[in-house]
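> Sharing a model that was predicted from the sequence below.
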Amino acid sequence: MKPVLHINMADEGGKVYCCLRNRVVNLNEAQKTKYCSGCGMFAGFAGDLGVECLWEDVRLVNDPHIAADPMAEFTSNQIKPVPADYLSTYGALEP
Ligand code: SF4
């Protein structure tokens, strides 16, 4: 699966969705230094307007994917599609 560039724009409260922590976080200095600086997904700070994160996304999204609503982005990331081949494999394991 190809990595997708996620451009997480900070909302009016300075919050973004963080994939690493799987939560909405304040994009403050603590987040930047404690998490983003050592994160393998880090791809920049979007011109100080947010954070750019590169990761493989199972959702059907554009590349780059621009997330302007961090809570909507969080919610969307809790719904994981199940691949059809997994379903057929699971069915074969049923007694
Ligand atoms: S770079 Fe990593 S730690 Fe920082 S917001 Fe993105 S996923 Fe979270």
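Alright, I've got the coordinates.
> Going by C-alpha atoms from here, please, whenever you check contacts or count neighbours.
Fine.
> Can you list phi and psi of the spatially most central residue of the chain for me?
Among the residues of the chain, the smallest C-alpha distance to the mean C-alpha position (C-alpha atoms, centre = their mean) belongs to Cys19, namely 4.0 Å. Here is the backbone geometry of Cys19 (degrees, to the nearest 10): phi -70, psi -40.
> do the same with Asp57
Backbone geometry at Asp57, expressed as degrees, to the nearest 10, gives phi -110, psi 120.
> With adjacent residues omitted, what lies nearest to it?
Of all residues not flanking Asp57 in the chain, Val4 sits nearest, at 6.4 Å (C-alpha to C-alpha, 6 or more residues apart in numbering).
> Quick check: residues of this protein near the ligand?
Cys18, Cys19, Leu20, Tyr35, Cys36, Cys39, Met41, Phe42, Val51, Cys53 (C-alpha under 6 Å from any ligand atom).
> Identify the bridge partners of the first one.
For Cys18, the residues forming beta bridges with it (DSSP bridges) are Arg23.
> Identify the residues contacting stretch 29-37?
Here stretch 29-37 makes contact (C-alpha atoms under 8 Å, 6 or more residues apart in numbering) with Val25, Phe42.
> Now for the protein, the helix or strand with the poorest mean pLDDT.
The helix or strand with the lowest mean pLDDT-type score in the chain, counting by mean pLDDT, DSSP states H and E, is helix 84-93 (a mean of 64).
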